[in-house]
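Q: Build me a model:
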Amino acid sequence: MSRPHPAIDLVTDAAAIVMQKRPVVPLSTWLVDAIAVVSEAQMPLQLVTPHTARLTMPLYETLQPPYFRWVVGHPSGFYDGGTGERLRFDGSAFVPEDPPGGAAPYTVVPVGVDGTQLMLDFRVRHPAVDNARLGGATELCYEMLIGHRPSGWGTSEPLAQAWNPEHITDLCRGRAPQSTRFFHTGLSGVQAIGVTRVSRNTEGIDEAVTLHLGYGPAQALPLAVLADVVERLVTDHGLVDFQAHARPGRPDLTAVPSDTGTAAPIGMALGPDAVREIGRERAFAPPGITTRQLGHARFPAAWYQIGDGHDTNAWTTWRRLFEHLAPGLNNQDAPGPGDRRQQETSEEQSVSDAPTLEEGVWRRRPPRSG
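A: Residues are numbered from 1 along each chain as shown. You can find the predicted model right below:
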């Protein structure tokens, strides 16, 4: 068997373990490649860091359960950095403690978590034509919310390539019919970073975007602008759906291994196709919820104003809206507080020439500079 991947410290029959001891851990090219190798081998990956470490948003978004786990080392024991679940190393992998329970350090909010993170999840659809141009919807959001286009993009960190929708489109076209994931960032008084997944389906080309924006304690969320953003996405970019939430967090958008607070809903939108499927009468008449008609009068979209991003009681209104729009929808099917958005776990990279994982190999690498 060939050597193990150089970014992986330990491979067992149960997991591949990566150890990172640095203040901020990014989604480096090494980690992207290691995740691709582990995914190809259909093995879980566990990233182990000290409790003082933070993850960049691209890495945090990538480490989604059940296949990826952020393991946090604390003097009192190990725990899951996303959920606070207490963990132990059983000789092969980090597994939940028995009996299960939460780790006390997870409840301690560290210094610097004094802002609000705005989270936008939306999907736009393009016709499957040769001249389709990707990135325009993302560009629009940056321009309307932080004042200029994204500054950079890439498939790993640092996002060293200047924003260029033509290059992004070429990359996605070259990888089709496989899906492509890339990240983007911008800064103008407000830090913004997001991920876009481009995929083909029978209805066209979908761009699914998750955009995070960080606001300091003295900065207000741009609530009044969101409906205008949605309207532009409807009229110019083929909006399918849109959701907006906010949660306490660091303004720099790095993730800490602590419970920083529950997310709260702001609003959601349905594109014209969804409104037509539900029926206009039902779509525009949810009881007790402010609704705005957007786009073309004959084929309108709907914007639902739910809350201010701080009031967690607004989840009751959120679920009531889902129940109205889709009769019989179970509460657990509607997004709720603390839900982590499920992400694609496979990397859109070729791993045919990647090194094979070798079981039972422990690699101790010298400390990295920087």
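Q: Name the SS class of residue 148, please.
A: Local secondary structure at residue 148 is given as coil here, using DSSP: H, G, I helix; E, B strand; the rest coil.
Q: what's around the nearest residue to it once chain neighbours are set aside, how many residues?
A: Using CB to CB, 6 or more residues apart in numbering and skipping the chain neighbours, the partner closest in space to residue 148 is residue 188 (5.7 Å). From N, CA and C alone the C-beta is placed, and that goes for glycine too. Counted by other CB atoms under 10 Å, the residues lying close to residue 188 total 12.
Q: quick one, phi psi at residue 188?
A: Residue 188 adopts backbone torsions of phi -160, psi 70, taken as degrees, to the nearest 10.
Q: Let me see the contact set for it.
A: Listed by CB atoms under 8 Å, 6 or more residues apart in numbering, the contact partners of residue 188 are 146, 147, 148.
Q: try residue 324
A: 282, 286, 287.
Q: redo that, cut-off 6 Å
A: residue 286 (CB atoms under 6 Å, 6 or more residues apart in numbering).
Q: Wait, a helix at it?
A: Yes. Counting by three-state DSSP, residue 324 is located in a helix.
Q: all strands of the stretch 1-150 of the chain, in order?
A: Using DSSP state E, counting those that start in this stretch, the strands of the stretch 1-150 of the chain run over residues 10-11, 16-19, 24-25, 45-50, 54-55, 68-74, 77-80, 86-89, 94-96, 115-126.
Q: Equivalent analysis for the stretch 201-350 of the chain, please.
A: 204-215, 239-249, 264-270, 290-295, 300-305.
Q: quick check: mean pLDDT across the third one?
A: The one in question is strand 264-270. Here strand 264-270 scores 97 as its mean pLDDT.
Q: Using PDB, list the CA coordinates for that strand.
A: This file holds the C-alpha atoms of strand 264-270, laid out as PDB (Å, rounded to 0.1, in the frame of the first residue of the first chain):
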ATOM      1  CA  ALA A 264     -33.400  33.400  15.000                       C
ATOM      2  CA  PRO A 265     -35.400  33.700  11.700                       C
ATOM      3  CA  ILE A 266     -35.700  36.900   9.700                       C
ATOM      4  CA  GLY A 267     -37.700  35.900   6.600                       C
ATOM      5  CA  MET A 268     -38.100  33.600   3.700                       C
ATOM      6  CA  ALA A 269     -39.200  33.800   0.000                       C
ATOM      7  CA  LEU A 270     -40.700  31.500  -2.500                       C
END
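Q: measure residue 305 to residue 121 for me?
A: Distance, residue 305 to residue 121, by CB to CB, to the nearest Å: 17 Å.
Q: brain fart, residue 188
A: Using CB to CB, residue 188 is found at 22 Å from residue 121.
Q: List the contacts of residue 209.
A: 122, 138, 196.
Q: In PyMOL, how would I select the buried members of these?
A: To isolate the buried subset of these in PyMOL, counting by 16 or more other CB atoms under 10 Å, use the following:
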select buried, resi 122+138+196
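Q: Name the nearest of the contacts of residue 209 relative to residue 266.
A: residue 122 (12.6 Å; CB to CB).
Q: Bridging across strands, which residues link to that closest one?
A: residue 209, residue 242 (DSSP bridges).
Q: ranking the contacts of residue 188 by neighbours, who comes first?
A: residue 146 leads these on contacts (other CB under 10 Å) with 19 neighbours.
Q: Hmm, it is touching residue 190, no?
A: Yes. With contacts counted by CB atoms under 6 Å, residue 146 reaches residue 190, the gap being 4.9 Å.
Q: buried sites along stretch 296-304?
A: By 16+ other CB under 10 Å, the buried positions in stretch 296-304 come out as 300, 301, 302, 303, 304.
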